[in-house]
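Student: mind folding the following:
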Amino acid sequence: MTASLATTFNLILNSTLLYGVVTKSYQFENTVIWTILYFIKAFILPVLMLADQNKKYGNALKHATIYSINASDAIHV
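Tutor: Residues are numbered from 1 along each chain as shown. Below is the predicted model:
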């Protein structure tokens, strides 16, 4: 999973939602589908990307928690 693939998924998801709203072809029944896709975009995709990077480069990256902000040894920008 690369950042380019995640960006492409994000662009397609946002542009189709915008197109549906602008052309008024958006139906309320599609709300569940959009909610699932945004859940994947916000929660599952970052975890998959983090797991892939840790598999390639070692366990240098970690998710920050409320108790340990910036817990990883990576450079913080």
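Student: wait, Leu37 sits on Asn14?
Tutor: No. With contact defined as Cβ atoms under 8 Å, Leu37 and Asn14 do not form a contacting pair (10.3 Å). Every residue, glycine included, has its C-beta placed from N, CA and C.
Student: looking at those two, which one has more neighbours?
Tutor: Each of Leu37 and Asn14 had its neighbours counted (other Cβ atoms under 10 Å), and the higher figure belongs to Leu37 (16 against 12).
Student: how about that one, nearest residue that isn't a chain neighbour?
Tutor: Closest residue to Leu37 apart from its sequence neighbours, by Cβ to Cβ, 6 or more residues apart in numbering: Leu13 at 5.7 Å.
Student: what's whichever strand or helix holds Thr8 in contact with?
Tutor: Of the helices and strands defined by DSSP states H and E, Thr8 is found in helix 3-22. Helix 3-22 is touched from outside by Ser25, Tyr26, Asn30, Trp34, Leu37, Tyr38, Lys41, Leu45, Met49, with contacts defined as Cβ atoms under 8 Å, 6 or more residues apart in numbering.
Student: okay if I get those residues as a markdown table plus pLDDT and distance to Ala6?
Tutor: Formatted as a markdown table, the entries for the contacts of helix 3-22 read as follows, by pLDDT from 0 to 100; distance: Cβ to Cβ, whole Å:
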| residue | pLDDT | distance to Ala6 |
| --- | --- | --- |
| Ser25 | 71 | 26 |
| Tyr26 | 69 | 24 |
| Asn30 | 75 | 22 |
| Trp34 | 80 | 18 |
| Leu37 | 84 | 13 |
| Tyr38 | 84 | 13 |
| Lys41 | 83 | 8 |
| Leu45 | 83 | 5 |
| Met49 | 82 | 6 |
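Student: point out where this structure drops to low pLDDT.
Tutor: When residues are selected by pLDDT under 70, those of the chain lie in 1, 26, 60-77.
Student: so where do the helices sit in it?
Tutor: 3-22, 31-39, 45-57 (DSSP state H).
Student: what's the neighbour count on Met49?
Tutor: The criterion is other Cβ under 10 Å. On that basis, Met49 has 16 neighbouring residues.
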